[in-house]
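Asker: what would the 3D arrangement of this be:
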Amino acid sequence: MSPACLLAAGLAACTTPYLVPLAPGGQVPPEGTVVRAAGLALTALPGAWPGYPQDLSRSVTPLSLNVANEGEAPAPVRFEDFLLLDGGMREYRALSPLEVVTILYGSAEPPPAVIPASHFSRHPFFFHGFLGDPFFYPYGPYYPYYYAPPPYTWPPGRDILRLALREGRILPGHRTEGFLFFQHAAGG
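Answerer: Presented below is the predicted three-dimensional model:
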């Protein structure tokens with residue numbers, strides 16, 4: 001059975017579209033597989049994950065999708081509308097980009113914005129830190145350089161959030177594209 005037939009059968013199964021993977025040993029054409037149903041054109045594009053982390057496919061299954069609304073009414077795009085099936089008909093649900101970031105990096109709380117002073121200096125009346133030193137140790141009253149906060153670092157999941165397929169509505173005649181992430185398929 002061809003990849004287009006597998007995807008078409010998945011989309012036609014019920015009102016919510018289903019992505020059906022290729023059979024083992026199947027080949028996807030380089031231009032992708034296009035399926036049209038209910039005024040939507042879904043294109044599953046082959047290709048590797050272009051962002052950071054490069055080994056994202058070790059934790060989740062990324063799939064590049066292009067969804068076009070060829071109908072007359074707005075079409076909703078929700079992550080729960082997509083489902084990945086393997087050869088044994090096991091289902092893998094689509095994950096939101098925030099779930100993927102949590103899987104990869106955990107849900108750590110940000111550090112506190114103000115860190116109170118915690119030690120006393122040799123000065124009998126003042127301690128170093130925010131609350132007491134009149135000269136704002138280690139910078140004296142005539143410190144010639146601007147004291148900037150540490151440089152901003154990008155959040156670790158920025159490519160996942162930036163390249164992901166967005167939830168929302170697709171207006172008639174418009175399209176959206178991005179990566180959809182699925183639970184990692186079992187290896188056996």
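
Asker: and the closest residue to residue 177 other than its chain neighbours, helix, strand or coil?
Answerer: Leaving aside its sequence neighbours, residue 177 sits nearest to residue 66 (CB to CB, 6 or more residues apart in numbering; 4.2 Å). Just so you know, the C-beta spots here come from the backbone N, C-alpha and C atoms, and that holds for glycine as well. Following DSSP: H, G, I helix; E, B strand; the rest coil, the label given to residue 66 is strand.

Asker: quick check: pLDDT value at residue 98.
Answerer: We have a pLDDT of 90 for residue 98.

Asker: before we move on, which element is it in?
Answerer: Following DSSP states H and E, one finds residue 98 within helix 97-105.

Asker: mind listing what the residue nearest to residue 177 touches?
Answerer: By CB atoms under 8 Å, 6 or more residues apart in numbering, the residues touching residue 66 are 32, 42-43, 45, 175-177.

Asker: bridged to it, which residues?
Answerer: Counting by DSSP bridges, residue 66 forms beta bridges with residue 43, residue 177.

Asker: and it, how far from residue 90?
Answerer: 26 Å (CB to CB, to the nearest Å).

Asker: so which bits of the helix holding residue 98 are buried?
Answerer: 97, 99-101, 103-104 (16 or more other CB atoms under 10 Å).

Asker: now residue 161: which helix or strand?
Answerer: helix 158-163.

Asker: which strands and helices sit next to that helix?
Answerer: helix 97-105, strand 175-183 (3 or more CB pairs under 8 Å, 6 or more residues apart in numbering; DSSP states H and E).

Asker: let's verify residue 34: helix, strand, or coil?
Answerer: strand.
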